[in-house]
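> just a sequence and a predicted model for now, questions to come.
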Amino acid sequence: MLFNSLAFLVFLPVVFGVYWLLARKGLKIQNVFLLSASYFFYACWDWRFLFLLLFSTGLDYFTGLKMAESHNLRTKKFWFWLSVGINLGFLGVFKYYDFFATSFAEFLSNFGFEAHFWTLKVILPVGISFYTFHGLSYVIDIYKDRIEPERNPVDYALFVSYFPLLVAGPIERATHLLPQIKKPRIFKSEKAIDGLHQIIWGLFKKIVIADSCATYADYIFDHSDSSNSLTLALGAVYFAFQIYGDFSGYSDIALGTSKLFGIDLLRNFNYPYFSRDIAEFWRRWHISLSSWFRDYLYVPLGGSRGGMWMKIRNTFIIFLVSGFWHGANWTFVFWGFLNALYFLPLLVSNRNRNHLEIVAKDRNFPTVSEFLRMMLTFVLAVIAWIFFRSESVSQAFSYLKRLASFDFNGGMQYLGIDRYSPELLPLLLFFIWFEWHSRLGEHPFFGKSRYLKLVVIVIGLLLWGVYSKASDFIYFQF
Amino acid sequence: MKGFLKYVSLILLTVVTLAYLADWLYTATFEKAPARNKFQYILAMQPHEIDNVFLGSSRTANHIVSSEFSRITGESAVNLGIEGAVFEDNLLELKLLLDRKVRIKTVYLQVDYLFEKQGVSNIANSAALPFIRNGVVKSHLQSKLPDFKAAYYLPFYRYLSADYAIGFREFFFSAVGKKNRIDFSDGFEAKPGNEKLSPLELPKTISDSNATLLEFEKICKARDIKLVLFCAPLCSQTQNLDYVKKLKSKLPGLRDYSAALPDSLFFNCGHLNEKGAYEFTEKLALDSEN
């Protein structure tokens, strides 16, 4: 069930209505209902994988309790590693086994050995990377004595499987979400209206921006061998907006939906394309994943302690792992590596925490220097997205090579053919303008002109949305 | 909760109002704008006489040069083939032509693998949708479009469901009066040069009959219109070419041009290039004179 589908349009009001009607019956029944609705939501994709989700939930719940009951460190360690091992094992089998098997076979073939490994060719269970990371953060926090284990299985299961975040995050922490699940929720109109606004904005980002850009980005990437530099630049920029609209749009719908149920989720995006350097970009892009890696990988590896080399090593590790988390392909690893390279000069010169506040916080416009920095950061991000989008590393390099050849023959070829979309470039400018004026909030619908903006966005959704082929959110595959 | 529900209702009311307004604006624009597709061209026709009408898919649109046909035969002709069309779409075109009081002597209908296709294609699902309130279009689509009711009654639904064809882009071009590059009075769309001839696969088996084709025959008989069925050229690498033989056994009057032209005249396996289209038109025109 996609957030941008008619099925969800029916599912959400029904679940919302029943949920608040049950508020009188008590928190327990409300949570049981929300959990059932979440499992139904997940089963709509493939009911068979529901068993995997249930097993993963049961495992972390059980090992969490066992760790707390352990009288010595050895036993505690046993339960901890059992949970971590099985969680990562599942992720490895479902997501990475085929990749390692084929990569190893290719590696051996370079030395003249012919190897044939079994490949599983299994369907990737939707959301596996997300709920595995939920579970991992929970068991790590218990192991490190940061939290007590949750004893109520329904509450714990809801923490893992809460439908707004189940398939593509944000990656929640037990310290943030569990207390909200355990506390009675009171309906607040302002919060629900705020949620509704965020859902509308998320739908605009997905259906109008991401899906429109996708049509053109896909076409250009598929024909990159015969396109000139200008066209390829256009394709890369379209993809940058596609992935931003897609994923941040999904996150907005997830956060907005959750607000309807009186629960706040972690913010996942904070206007990343207005960043003045790549370090700021990573504080604003997929925040819940970046902070997860920071807290559960970077810090345990030694973090910033232990000198510059340690810092550099750890930074490269988290970017490479983060890239690999996105998918079993070298393109993602290279994307992570490239971002680590971008990060390096800032790290070495100790300037990686220069821009903590949003740009031009108390001004309408950025300074020339800020503008140029934002442009440079955007260009760097776009170059990295080429690797993310390409089918293989060699296709990405060939795309970049053609892009850098400064072949302008035929102008923007892609704009000259029938598929030319006159609305798309002005639409992107309009979107950037809207985002710029919204950068102090989570969505644009605040201030005196909020109703006018709402009407404009609804018109945009009607006129410019792509409805004929409701497409999956990109991050579902991760 | 009351305040929230009130607000949601207000938003829904705004959406519905805007949808009504947009529906009215799009429909009015498509109705008044100069034709940008062959459906609009037919709907704008005045009563007159056409000797020869060519109907089919892109294998008609890219293959028949009406002006050349007229030059050879001395008869008027128009190519109303539409890329991606199936018999149902062509039948709707014929019904609209007759409704516009266009008198037709001969209809040439392209028959090949289209014989296997039942139901309405994306063409009827898109180009005809702005005109869904036209009596002919309505009665044709009513029983065939799966979401006819939604398209007919829900404001703006039809434009959302077919946004790739009648969405904002097409509305914008229609509103600014941008003309299509095709001259609809001829209707021929040339394919340039040669692409690699990847084999085209014809069906292995043939259906017993095609209900739409039977309806075609019925209408033409009732209106005293001569119906000529033809199979346009296919490249030599086409797989299951014996399908055309099976077609001929079912439709004895079928004019078979499947092997009429050499591969050098093809754009791809199922489509001739411009030179090939002229040669094929000439063959068809000379055969019609005999």
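Arrived safely, thanks for sending. Numbers count the residues shown, from 1 in each chain, chains lettered A, B, ... in the order given.
> need the strands for the stretch 351-478 of chain A, in chain order.
When secondary structure is read from DSSP state E, counting those that start in this stretch, the stretch 351-478 of chain A shows no strands.
> apologies, that question was intended for chain B.
Using DSSP state E, the strands of chain B run over residues B:49-55, B:77-79, B:103-110, B:226-231, B:255-256, B:266-268, B:271-272.
> nearest to A:Asp46, out of these?
strand B:266-268 (38.5 Å; Cβ to Cβ). In short, each C-beta sits where N, CA and C put it, glycine included.
> partner strands of that closest one and their direction?
When pairs are called by DSSP bridges, strand B:266-268 turns out to pair with strand B:271-272 (antiparallel).
> now B:Gly193: how far from A:Leu136?
Distance of B:Gly193 to A:Leu136, computed by Cβ to Cβ, to the nearest Å: 57 Å.
> of those two, which one has the most company?
The neighbour comparison of B:Gly193 against A:Leu136 (other Cβ atoms under 10 Å in any protein chain shown) goes to A:Leu136, with 19 against 8.
> pretty sure the more buried one sits against A:Val84.
Yes - at 6.6 Å, A:Leu136 and A:Val84 qualify as touching, with contact defined as Cβ atoms under 8 Å.
> now the residue of the stretch 51-200 of chain B found nearest chain A: closest residue in space that isn't a chain neighbour?
Relative to chain A, the nearest point of the stretch 51-200 of chain B is B:Leu160 (4.2 Å; Cβ to the nearest Cβ). In space, B:Leu160 comes closest to A:Tyr467 once its chain neighbours are excluded; the distance is 4.2 Å by Cβ to Cβ, 6 or more residues apart in numbering or on different chains.
> neighbours of the one you found, how many?
Around A:Tyr467 there are 18 residues (other Cβ under 10 Å).
> for it, give me the pLDDT.
Listed pLDDT for A:Tyr467 reads 85.
> right, so the strands of chain B: which one is the most enclosed?
strand B:77-79 (a mean of 29; mean count of other Cβ atoms under 10 Å in any protein chain shown).
> need the residues of chain B near chain A, please.
Proximity of chain B to chain A is confined to B:1, B:3-4, B:7-8, B:11, B:14-15, B:18-19, B:22, B:156, B:160-164, B:167-169, B:172 under the rule Cβ under 8 Å from any Cβ of the partner chain.
> what number of residues lie near the closest residue to A:Ile128 other than its chain neighbours?
For A:Ile128, ignoring the flanking residues on the chain, the nearest one in space by Cβ to Cβ, 6+ apart is A:Phe94 at 5.8 Å. As a burial measure, A:Phe94 scores 20 neighbours (other Cβ under 10 Å).
> what about A:Phe94? Give its phi and psi, please.
phi -70, psi -30 (degrees, to the nearest 10).
> against chain B, how distant is it?
Note on A:Phe94: its distance to chain B, by Cβ to the nearest Cβ, to the nearest Å, is 35 Å.
> longest helix in the chain, please.
Picking chain A for this. helix A:229-260 (DSSP state H).
> oops, wrong one, chain B.
Max-length helix for chain B by DSSP H is helix B:2-32.
> could you pull up the residues touching B:Leu18?
A:Val455, A:Val458, A:Ile459, A:Leu462 (Cβ atoms under 8 Å, 6 or more residues apart in numbering or on different chains).
> need the contact list for the nearest residue to B:Lys105 once chain neighbours are set aside.
Closest residue to B:Lys105 apart from its sequence neighbours, by Cβ to Cβ, 6+ apart: B:Asp51 at 4.7 Å. Applying Cβ under 8 Å, 6+ apart, one finds that B:Asp51 lies in contact with B:Thr73, B:Glu75, B:Ser76, B:Ala77, B:Ile104, B:Lys105, B:Thr106.
> pLDDT at B:Asp51, what is it?
pLDDT, read off for B:Asp51, is 95.
> then A:Arg24?
89.
> buried ones in the helix or strand A:Phe90 falls within?
If you go by DSSP states H and E, A:Phe90 is part of helix A:73-91. Neighbour counts over helix A:73-91 (16 or more other Cβ atoms under 10 Å in any protein chain shown) mark A:Lys76, A:Trp79, A:Phe80, A:Leu82, A:Ser83, A:Val84, A:Ile86, A:Asn87, A:Phe90, A:Leu91 as buried.
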